[in-house]
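Task: produce atomic coordinates for the following.
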Amino acid sequence: MLFNSIQYAIFLPIVVALFWVIPQRFRVYLLLGASYLFYMSWRPVYIVLILGLTVFNYFLGLAIANSENSKKLWLTISVVGNLATLAFFKYAFFLDDTIASLLKPLGLTFPKIPFDIILPLGISFFVFEFIHYVVDIYRGGQPVKSFPGFALFASFFPTQIAGPIKRYQDFVPQFLAVPKFSMSHFDDGIALIVLGLFKKVLIADNLTFFVQGGFAHPNLFTGADLWIFAYAFAFQIYFDFSGYTDVARGSAALFGYKVPINFNLPYLANNIANFWHRWHISLSTWLRDYLYIPLGGSRCGQWLNYRNLFLTMALGGLWHGAAMHFLLWGVFHGLALVVHKEFQRLTEGFKAFTAILASKPGNILSMLFTFHVVCIGWVLFRAETTEIAGTMLNKMFFFEAITQGADAFKLTLTAINYPLIYPSIFLLLPLLAITHVVMGYLNTTQWVAKTPVPLKVAYCVVMMFLVLVFSPDKSPRFIYFQF
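A predicted model of the protein is given here:
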């Protein structure tokens, strides 16, 4: 059941209406049942997985909290069990292929896995929520005593498939309290849902077909062309994923619940560290708190700190998918963070230089440089193989004449039913950049309270009209559903 589907447009209002009319004591059960129904709408059998992990972590959380001498043992069992489940579904074939390729030069063979494994939706997200829960209980947090409440924490349908990754200390108290009906829930929620659908359906989905042409046939284009495709994908993935998050936050708001914001104008970051403070915030803070800091963080000397940054980002890349190009994307960002840290260290004594960087022109140049570094990483992320990524990056850094590829560019785009030409593309890119800033403002709900009702209604009507008129015939799944 996709957020941008007719099924969800029917499902959500029914659940919201029931939520506000039934007694408070039944609301958790309603949301829990709705969340399991939402999950089963894809593959019913995987309800066993999410329910089994819920029971497993609930009782181990209680065991950790109530144990005097075996806390670490119970924690280890829980973390290993969660990671083993994730590894089986997500990395079994990757590990199998990697071992086979390592043994092949030695004349040895490694048996192939004799059955198919279909990756359950959202497993990476709810496994991380379970790990966060048991680790925080180990650190002294109070366990959730209510099993339905704990089950809802992991399965809450707005955030179930692609986050944001919730913290139980923030989420559980919300449904233990008695939410009071308020029209502000609907003002905030509907505004966010409309914004999210606008981002996803109108912008990201239309960019999808354009981006596919470039990444599928990089040999047909020049380096200049491929930079355009990289820029386009940067905006596609932003509008797609932030659109999902807005619909998730808006859906939660209809019940009076708040889930964390996940994006904060990431392409206005003036360095790569700042980018990761603004992009997929719930994941980057999770990696910081449960991987980077346990590795030693910045408390263990310069080079060990660099190692910790590198390992955190490399594993973060692998979290996105069992493929070499995801690992390389994480390695690239790990190296970028290390270079940034070293650059800061080397230049901290040059006050004139740091003053230039802090000036408005210096800040703009820093933002442009950071955006291009991020786009290089997006090529690794989006390319389906390392060979395609290598071809694209080689052409992007060793330019051919633009005229050599212009005809192929137009021909290929026409062949995929997307007949854009250079002038319209160069007009589109600044428009996307401006839209990124405007959407960042609309991403907060603070403006809703200050806006008169007629303007709010007009905003929703206009946005939905644009979505219905200009949406493509077929809307692909959200990009982060695959993780």
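
Which neighbouring elements make contact with the longest helix along the chain?
The residue-count maximum for a helix in the chain (DSSP state H) belongs to helix 71-103. For helix 71-103, the elements it packs on are helix 47-66, helix 123-138, judged by 3 or more C-beta pairs under 8 Å, 6 or more residues apart in numbering; DSSP states H and E. Using the backbone N, CA and C atoms, a C-beta is placed for each residue, glycine as well.

deepest of the ones you listed, which one?
Across these, averaging neighbours per residue (mean count of other C-beta atoms under 10 Å) puts helix 123-138 on top, at a mean of 23.

Looking at that one now, give me its mean pLDDT.
Here helix 123-138 scores 93 as its mean pLDDT.

elements contacting that helix?
helix 47-66, helix 71-103, helix 147-155, helix 168-176, helix 281-287.

Repeat the analysis, applying 10 Å as the threshold.
Judged by 3 or more C-beta pairs under 10 Å, 6 or more residues apart in numbering; DSSP states H and E, helix 123-138 is in contact with helix 47-66, helix 71-103, helix 147-155, helix 168-176, helix 281-287, helix 302-320.

CA-only coordinates of it in PDB, if you can.
The C-alpha trace of helix 123-138 is given here as PDB (Å, rounded to 0.1, in the frame of the first residue of the first chain):
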ATOM      1  CA  ILE A 123      13.300  -4.300   7.800                       C
ATOM      2  CA  SER A 124      16.400  -2.000   7.900                       C
ATOM      3  CA  PHE A 125      14.300   0.700   9.700                       C
ATOM      4  CA  PHE A 126      12.500  -1.300  12.300                       C
ATOM      5  CA  VAL A 127      15.600  -3.400  13.100                       C
ATOM      6  CA  PHE A 128      17.500  -0.200  13.800                       C
ATOM      7  CA  GLU A 129      14.600   0.900  16.100                       C
ATOM      8  CA  PHE A 130      14.800  -2.400  18.000                       C
ATOM      9  CA  ILE A 131      18.600  -2.100  18.400                       C
ATOM     10  CA  HIS A 132      18.200   1.500  19.700                       C
ATOM     11  CA  TYR A 133      15.600   0.300  22.200                       C
ATOM     12  CA  VAL A 134      17.600  -2.500  23.800                       C
ATOM     13  CA  VAL A 135      20.900  -0.500  23.800                       C
ATOM     14  CA  ASP A 136      19.100   2.400  25.600                       C
ATOM     15  CA  ILE A 137      17.600   0.000  28.100                       C
ATOM     16  CA  TYR A 138      21.100  -1.300  28.700                       C
END
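
any idea how far that helix is from the chain center?
How far helix 123-138 lies from its chain's middle: 17 Å, per C-alpha atoms, centre = their mean, to the nearest Å.

Stretch 147-159 now?
How far stretch 147-159 lies from its chain's middle: 19 Å, per C-alpha atoms, centre = their mean.

what pLDDT, on average, does that stretch get?
On average, stretch 147-159 scores 92.

Can you give me the buried ones in that stretch?
Buried residues in stretch 147-159, counted by 16 or more other C-beta atoms under 10 Å: 149-159.

How about stretch 309-325?
Under 16+ other C-beta under 10 Å, the buried positions of stretch 309-325 are 309-325.

From His340, how far out is the nearest residue to Glu342 once chain neighbours are set aside?
Leaving aside its chain neighbours, Glu342 sits nearest to Tyr306 (7.6 Å; criterion: C-beta to C-beta, 6 or more residues apart in numbering). As judged by C-beta to C-beta, to the nearest Å, Tyr306 and His340 stand 11 Å apart.

And the pLDDT for Leu429?
pLDDT recorded at Leu429 is 68.

tally of neighbours for Gly213?
Using other C-beta atoms under 10 Å, Gly213 has 21 neighbouring residues.

Hmm, I typed the wrong one, I wanted Gln169.
For Gln169, the count of nearby residues is 13 (other C-beta under 10 Å).

show me the residues around it that make contact.
Contacts for Gln169 (C-beta atoms under 10 Å, 6 or more residues apart in numbering) come out as 132-133, 136, 141-142, 144.

next one: Gly61
74-75, 78, 130, 133-134, 136-138, 141-145, 150, 168 are the contacts of Gly61 under C-beta under 10 Å, 6+ apart.

Buried residues, the helix or strand encompassing Ser184. List them.
According to DSSP states H and E, Ser184 maps onto helix 183-197. Neighbour counts using 16+ other C-beta under 10 Å place 185, 187-197 of helix 183-197 among the buried residues.

tell me which of these is nearest to Ala253?
Of all the buried residues of helix 183-197, Ala253 sits closest to Gly189, with 3.6 Å by C-beta to C-beta.

Now do Ser242 against Asn82, distance only.
Ser242 sits 27 Å away from Asn82, going by C-beta to C-beta.

How about Ala323?
Between Ala323 and Asn82 the distance is 22 Å, computed by C-beta to C-beta.

What of Ile388?
Using C-beta to C-beta, Ile388 is found at 33 Å from Asn82.

of those two, who's got more company?
A direct count of neighbours by other C-beta under 10 Å for Ile388 and Asn82 places Asn82 higher, at 23 against 19.

Phe198 is in contact with Val469, correct?
No - the pair Val469 / Phe198 is not scored as a contact, 11.8 Å apart, by C-beta atoms under 10 Å.
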